[in-house]
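# Using only what follows, build the 3D model:
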Amino acid sequence: EVLQNHVLEAKVFHTEYGTGVAILTGAYRFSLATNIDDLKLRRMPEVPGLQKPPSCWAVLSQDRVTIILLAIGQDLYLLDNTSCSVVVSDLRWPVSGPKFSIDTALPSSPGRWWACFHPTEGQCWRGLSWAPRAAGRDGGTAGCSGCRWRVLAVAASHAFLLPTSAEASQEIFKIASMAPGALLLEAQKEYEKESQKADEYLREIKDQKLLPEAVSQCIEAAGYEHEPDTQKSLLRAASFGKCFIDKFPPESFVRMCQDLRVLNAIRDYQIGIPLTFTQYKRLTIEVLLDRLVLRRLYPLAIRICEYLRLSEIQGVSRILAHWACYKVQQKDKSDEEVAYAINQKLGDTPGISYSEIAARAYDCGRTELAIKLLEYEPRSGEQVPLLLKMKRSKLALSKAIESGDTDLVYTVVLHLKNELNRGTFFMTLQNQPVALSLYRQFCKHQERETLKDLYNQDDNHQELGNFHVHSSYS
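Modelled structure (predicted):
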């Protein structure tokens, strides 16, 4: 069928088995494979009355079951291994006007939700998902706390749609709220106005013994607000409330201030990563740093590491190493300039491996740059293996001898023995007395006949005579 009707559209998705792929053929039939490394294409049931491609479709996978969600006009269908069933018919949107076709259907990456998009009204409809963890479509992504849509009009932009705010925010900002956080926020605002109402609000909270809860509510709500002014207002209220509590633990307040400073930095339009607080916590700071590094936003990544006081190896060193690996790929600079720039930036930073950077340079075809970078590597044990890989065996032997590590010398000598012909190998050892002496010791215990050849090569008649005497005894 695929050969006859061709593939109209394909989607890649992820399952417990690995990476999967689903296709829509020219006959408007779906087939899928849950693991492309073990390709077993499974044909899905026919969709009744499907005479043209669906307006949109998405793959959902959970608990070893993979299904397809597709939209035909206003209707949503579920396609599993055995049947095709209507999930939503005549979907009712909170808008007036004629019926429409569902333009985009997206599963969320954690999988709890899926979202549909109204193309003419520009509204998003969100429903509970029964099968999470599937790949999103080009139009956008339904995330764990919102939907991001790419809008292509006169200029490209992103819109981030958030569902109703967190409970703490709702409690504080709903009309006529008497929640502890709402009262504390009002108290702080009145205090700034030097109004006595501040004292009245505070007394009301204190009388109910809810001041710690009010502070915690304001701290939590600040995390879910995207506007820095609102964040600051809530945090000022929390700080104000803390002054009236004995021994309020400061960790949650300090941590929230740090998190918001990081979030506001990456949400800046020049960076363009509008993470929610929930997404940020689920990603972890390590993954966020990885994403900044992949975008080559090295200065911001380093400032975040320094601000959060992450360990050198976990933070700055790792990012500088990534930067250096990117730097060696730049072909517009000479080997000397690149090596010098990398050394000036990295210096003796803990956790930096010049050998790894040199290996990247070698993989990019810049062998001479790799050798120059290895000059900055203080550990001979890291230098030698790469030099052998680059077929710079003689230089590797010199480095191994300089290190004073006999095991390293033996490693290089035996590598040379296998790489060179016998005559060249012996001549190479003649120029390295330390290596020659160690190889003789090796031959005395492992290769007696080779030892005789070495004595012949050196015209060492005394030792050759001793060799024959020992051989006669044995």
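# V293 - how many residues pack around it?
Residues near V293, counting by other CB atoms under 10 Å, number 20. All C-beta atoms are positioned from the backbone trio N, CA, C, and that covers glycine.
# For my notes, confirm it occurs in a helix.
Yes - assignment of V293 by DSSP: H, G, I helix; E, B strand; the rest coil places it within a helix.
# Could you tell me how far it is located from P299?
Relative to P299, V293 is positioned 11 Å away (CB to CB, to the nearest Å).
# okay, the residue lying closest to S353 once chain neighbours are set aside: pLDDT?
Closest residue in space to S353, ignoring its immediate chain neighbours: E382 at 6.5 Å, by CB to CB, 6 or more residues apart in numbering. The pLDDT attached to E382 in the predicted structure is 78.
# residues in contact with E382?
When the contact criterion is CB atoms under 8 Å, 6 or more residues apart in numbering, the partners of E382 are 353-355.
# can you redo the residues you listed as JSON lines with secondary structure, neighbour count and pLDDT?
Formatted as JSON lines, the contacts of E382 follow (DSSP: H, G, I helix; E, B strand; the rest coil; neighbours: other CB atoms under 10 Å; pLDDT from 0 to 100):
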{"residue": "S353", "secondary structure": "coil", "neighbour count": "14", "pLDDT": "83"}
{"residue": "Y354", "secondary structure": "helix", "neighbour count": "25", "pLDDT": "85"}
{"residue": "S355", "secondary structure": "helix", "neighbour count": "21", "pLDDT": "85"}
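# Could you dump the residues you listed into a markdown table with distance to D332 added?
Below are those laid out as a markdown table (distance: CB to CB, whole Å):
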| residue | distance to D332 |
| --- | --- |
| S353 | 25 |
| Y354 | 22 |
| S355 | 25 |
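# Now name the helix or strand holding the residue nearest to S353.
Following DSSP states H and E, the helix or strand that holds E382 is helix 380-389.
# quick one: low-confidence ranges for the stretch 51-200 of the chain?
Regions of the stretch 51-200 of the chain meeting the criterion pLDDT under 70 cover residues 88-165.
# could you redo the last one with a cut-off of 50?
90-91, 93-100, 110-112, 130-139, 142, 151-154 (pLDDT under 50).
# so where's the longest helix in the protein?
Determined from DSSP state H, the single longest helix within the chain is helix 251-267.
# downstream neighbour of it in the secondary structure list?
helix 277-283.
# so how far is that following helix from its chain's centroid?
Averaged C-alpha coordinates place helix 277-283 at 13 Å from its chain's average position (CA atoms, centre = their mean, to the nearest Å).
# and that helix, which residues are buried?
Taking 16 or more other CB atoms under 10 Å as the basis for neighbour counts, the residues of helix 277-283 that come out buried are 277-280.
# count of neighbours near D348?
Once other CB under 10 Å is used to define contacts, D348 is seen to have 8 neighbours.
# Check whether it sits in a helix, strand or coil.
Bear in mind the rule, three-state DSSP; under it D348 is coil.
# any idea how far N466 is from it?
Distance from D348 to N466, by CB to CB: 50 Å.
# Could you list the domains of the protein?
Structural domains assigned to the chain are 7-124+147-161, 400-473, following the TED database.
# Go through those and name the closest to E312.
Comparison of the domains of the chain against E312 by CB to CB identifies domain 400-473 as nearest, at 25.2 Å.
# Tell me the span between the first and last residue of the closest one.
37 Å (CA to CA, to the nearest Å).
# next one: stretch 340-356
End-to-end distance of stretch 340-356 (CA to CA): 16 Å.
# Residues touching it, excluding its own?
312-313, 316-318, 320-321, 323-325, 327-328, 333, 357, 373-374, 376-377, 379, 382-383, 385-386.
# All the helices of the stretch 351-474 of the chain, residue numbers only.
354-363, 367-374, 380-389, 393-403, 406-419, 422-430, 433-446, 448-458, 461-473 (DSSP state H, counting those that start in this stretch).
# mean pLDDT for these: which is lowest?
Here those differ in mean pLDDT, and the lowest is helix 448-458 at a mean of 69.
# Model confidence for H14, exactly?
Per-residue confidence (pLDDT) for H14: 85.
# Return the residues in contact with the nearest residue to A182 once chain neighbours are set aside.
Distances taken as CB to CB, 6+ apart place I172 nearest to A182, at 4.7 Å, with adjacent residues excluded. Listed by CB under 8 Å, 6+ apart, the contact partners of I172 are 179, 181-182, 185, 217-218, 221, 234.
# Please verify my assumption that E402 contacts R379.
No - using CB atoms under 8 Å as the test, E402 is too far from R379 to be in contact (11.9 Å).
# tally of neighbours for F240?
Residues near F240, counting by other CB under 10 Å, number 21.
# what's the closest non-adjacent residue to T19?
Going by CB to CB, 6+ apart, T19 has I36 as its nearest residue, at 5.4 Å.
# Next up, the contacts around the one you found.
The neighbourhood of I36, defined by CB under 8 Å, 6+ apart, consists of 18-21.
# got it, and K372?
Taking CB under 8 Å, 6+ apart as the test, what K372 contacts is 335-336, 339.
# What of A221?
When the contact criterion is CB under 8 Å, 6+ apart, the partners of A221 are 165-166, 168-169, 171-173, 181, 234.
# angle of the strand or helix carrying it against helix 251-267?
Following DSSP H and E, the helix or strand that holds A221 is helix 211-223. With axes from the mean of the first three to the mean of the last three CA atoms, to 10 degrees as the basis, helix 211-223 and helix 251-267 are set at 10 degrees to each other.
# What is the distance between helix 211-223 and the centre of its chain?
Averaged over its C-alpha atoms, helix 211-223 has a centre that lies 31 Å from its chain's centre (CA atoms, centre = their mean).
# Going by neighbour count, which residues in that helix are buried?
By neighbour count on 16+ other CB under 10 Å, the buried set for helix 211-223 is 211, 213-223.
# right, and G241 touches A214 too?
Yes - G241 is in contact with A214 according to CB under 8 Å; the separation is 5.6 Å.
# overlap in contacts of those two?
Jointly contacting G241 and A214 under the rule CB under 8 Å, 6+ apart are 184, 205.
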